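Asks: below are the sequence and a predicted model for it; my questions follow.
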Amino acid sequence: MLILSLIWAWIAWNVYRPWHGKPESFGVISFAFGLLAGELPLHFVAVEFLITIGLIAADGLHGLLDASAVLIAGASWLALAQFHNQADGAREEVLDAARQALGDDFADKIPAQRRRTIPPGPAPGQIIHPFGYQVPGVKRVRNVAYFREHETELKLDIFHHETQPPNAPVLVQIHGGAWIIGNKDQQALPLMGQLASRGWVCVTLQYRLSPAATFPDNIIDCKRALVWIKENIANYGGDPNFIAVTGGSAGGHLSALLALSANNPDFQPGFEDKDTSVQAAVPFYGIYDFTNSQEQRQHPGLENLLTKHVLKCSLSDNPELWRQASPLYHVSDKAPPMLLIHGEGDTLAPIAESRVLYKALKEIPGVRVGLAELPYAQHAFELWYSRRSVQVICALEYFLSALHEEHLKR
């Protein structure tokens, strides 16, 4: 019991104090346990409590040492319960970032009836069943091909309300996975489900992965998908004139790059004349400066991965390609409204990445940008339903709805 209680105490400590030092492999372990315990804290408490009760019932605890172990376990449960409670603050962090971008009165742009229907927070069922992604009234159209060439076929999924209301706003989601793993079926499903149930059309897309693919293959695919969406999404009820883009981690990088490099011919071979602009972008915990120009990252792991698998050249060999791949070097006054979301506890993609991009965008007159720094939040915190992820989604809906209302009034 003492060994178990000490492990549980470390798990609780880790959600508050994740590993950011060396060796870098400890950060990956810290991430894995921090994500699971941080976004499923009550589930951890329940399992640990039942194990403890089982040991007591089996007469497996005796003496002062075991009593101390139970006290340690109890303290870890209280810490996780408090961690669960503080996650509500993520809603206000995102709303504050939206105010940075759109003004203090941005929510007033949303009609009162639409505003009232945005959920106040997670439903009990979402906390109890965090992986229950099926949402009543939402239809998912799977594996629609958006590009074919020789042996390459790339697909996307479309989420929409079964009533398929016309001229619905569109949200495009780009999955993460360090540019080498992941797929369109796994990520941001809570976000897709909530918005689609409330009248949005949401699209998740596939793109070529490294090491088989080499940058800029991935961003070219994202732009091809965007062109397909603009030309075809009306068939699913979507408005091609209002498209927002989002994504996490590598998807955060690609969504930011997509938004900031609109109509860049370098990323549009064979379709240079197509419009690849979007009306808003919400990148989550991305890498925005591959060159690490302001020493945002203290470890060489990412640079090694990019050199070996993604860009397939070193920074010193081809600095221009590394800059071309970095959203930071595409910042201009043409940037759409952007809301950057990043957890302060992120051990895989340091929050300094978002701070650097935010500062660069903020310095350009007329560009609307906000940065939500979420206390304690780990990398990939919104993969499933949790108190934090639902609060972020609800606040994010305010931001996107306000921009959509602006669009409707033009």
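Replies: Okay, I see it.

Asks: going forward, measure contacts and count neighbours with C-alpha atoms only.
Replies: OK.

Asks: might one say that Leu396 is in contact with Asp96?
Replies: No - using CA atoms under 8 Å, Leu396 is not in contact with Asp96, being 10.8 Å away.

Asks: CA atoms only: put stretch 328-341 into CSV for me.
Replies: Taking Å, rounded to 0.1, in the frame of the first residue of the first chain, the C-alpha atoms of stretch 328-341 are listed here in CSV:
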residue,chain,number,x,y,z
LEU,A,328,6.1,32.9,-37.5
TYR,A,329,7.7,33.9,-40.8
HIS,A,330,4.4,34.2,-42.6
VAL,A,331,3.0,36.8,-40.2
SER,A,332,1.5,39.8,-42.0
ASP,A,333,-1.4,42.3,-41.9
LYS,A,334,-3.4,39.8,-44.0
ALA,A,335,-3.7,37.4,-41.0
PRO,A,336,-7.3,36.4,-40.2
PRO,A,337,-8.5,36.7,-36.6
MET,A,338,-6.6,34.1,-34.5
LEU,A,339,-7.1,32.6,-31.1
LEU,A,340,-4.0,30.7,-29.8
ILE,A,341,-4.7,28.2,-27.1
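
Asks: mind giving me the domain ranges of this structure?
Replies: 2-86, 89-408 (automatic domain parsing).

Asks: tell me the most buried of those?
Replies: Comparing the domains of the chain by mean neighbour count (mean count of other CA atoms under 10 Å), domain 89-408 comes out on top with a mean of 20.

Asks: for that domain, measure first residue to last.
Replies: 31 Å (CA to CA, to the nearest Å).

Asks: from the chain's centroid, how far away is it?
Replies: 7 Å (CA atoms, centre = their mean, to the nearest Å).

Asks: which residues of this protein score low on pLDDT?
Replies: 60 (pLDDT under 70).

Asks: quick one: the helices in it, in order.
Replies: Along the chain, counting by DSSP state H, helices occupy 2-16, 24-39, 41-57, 63-86, 89-102, 112-116, 124-128, 189-197, 217-232, 250-260, 301-305, 319-324, 352-362, 387-408.

Asks: of all these, which one comes closest to Tyr146?
Replies: The closest of these to Tyr146 is helix 217-232. By CA to CA, the value is 6.1 Å.

Asks: now the angle from the closest one to helix 250-260?
Replies: 60 degrees (axes from the mean of the first three to the mean of the last three CA atoms, to 10 degrees).

Asks: just the CA trace of helix 217-232, in CSV.
Replies: Output of helix 217-232 as CSV, limited to C-alpha atoms (Å, rounded to 0.1, in the frame of the first residue of the first chain):
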residue,chain,number,x,y,z
ASP,A,217,3.7,18.0,-48.8
ASN,A,218,1.6,18.2,-45.7
ILE,A,219,0.6,21.9,-46.1
ILE,A,220,-0.1,21.4,-49.8
ASP,A,221,-2.5,18.6,-48.9
CYS,A,222,-4.3,20.9,-46.3
LYS,A,223,-4.6,23.6,-49.0
ARG,A,224,-6.0,21.1,-51.5
ALA,A,225,-8.6,20.0,-48.9
LEU,A,226,-9.5,23.6,-48.3
VAL,A,227,-10.1,24.2,-52.0
TRP,A,228,-12.3,21.1,-52.1
ILE,A,229,-14.2,22.3,-49.1
LYS,A,230,-14.8,25.7,-50.7
GLU,A,231,-16.1,24.1,-53.9
ASN,A,232,-18.2,21.3,-52.3
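
Asks: what's it packed up against?
Replies: Other helices and strands packing on helix 217-232, by 3 or more CA pairs under 8 Å, 6 or more residues apart in numbering; DSSP states H and E, are strand 138-149, strand 238-248, helix 250-260.

Asks: ok, and what's touching that helix?
Replies: For helix 217-232, the external contacting residues (CA atoms under 8 Å, 6 or more residues apart in numbering) are 146-147, 156, 174, 179, 205, 207-209, 240-241, 254, 257-258, 267-269, 274-276.

Asks: check the spacing between the closest residue to Gly38 other than its chain neighbours and Glu406 real quick.
Replies: Excluding its sequence neighbours, the residue lying closest to Gly38 (CA to CA, 6 or more residues apart in numbering) is Val15, at 5.7 Å. Val15 is 39 Å from Glu406, where distance means CA to CA.

Asks: coming back round to it: any chance of CSV for the helices of the chain, columns distance to Val282?
Replies: Below are the helices of the chain laid out as CSV (distance: least, CA to CA, whole Å):
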stretch, distance to Val282
helix 2-16, 25
helix 24-39, 21
helix 41-57, 26
helix 63-86, 23
helix 89-102, 11
helix 112-116, 20
helix 124-128, 23
helix 189-197, 12
helix 217-232, 15
helix 250-260, 8
helix 301-305, 22
helix 319-324, 20
helix 352-362, 11
helix 387-408, 8
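
Asks: can you tell which of the ones you listed is closest to Leu371?
Replies: Nearest of the helices of the chain (CA to CA): helix 89-102, 5.1 Å.

Asks: report the inter-axis angle for the closest one versus helix 352-362.
Replies: Using the same axes, to 10 degrees: helix 89-102 against helix 352-362 is 30 degrees.

Asks: shift numbering so it begins at 26
Replies: In the new numbering, first residue 26, that becomes helix 114-127.

Asks: what packs against helix 114-127?
Replies: strand 363-368, strand 394-399, helix 412-433.

Asks: so can I have TSV of the ones you listed showing distance to Asp84?
Replies: Compiled in TSV, the helices and strands packed on helix 114-127 are given as follows (distance: least, CA to CA, whole Å):
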stretch	distance to Asp84
strand 363-368	43
strand 394-399	43
helix 412-433	36
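
Asks: and these: which comes nearest Glu328?
Replies: strand 363-368 (20.4 Å).

Asks: can you list the strands that that closest one pairs with?
Replies: Strand pairing for strand 363-368, using DSSP bridges, gives strand 305-309 (parallel), strand 394-399 (parallel).

Asks: of all the helices of the chain, which one is nearest Pro161?
Replies: It's helix 214-222; of the helices of the chain, that one is closest to Pro161 (CA to CA) at 7.4 Å.

Asks: just the angle for the closest one relative to strand 163-174, thanks.
Replies: Using the same axes, to 10 degrees: helix 214-222 against strand 163-174 is 110 degrees.

Asks: residues in contact with helix 214-222?
Replies: Residues contacting helix 214-222 (CA under 8 Å, 6+ apart): 158-163, 184-186, 226-228, 407-410, 415, 418, 422.
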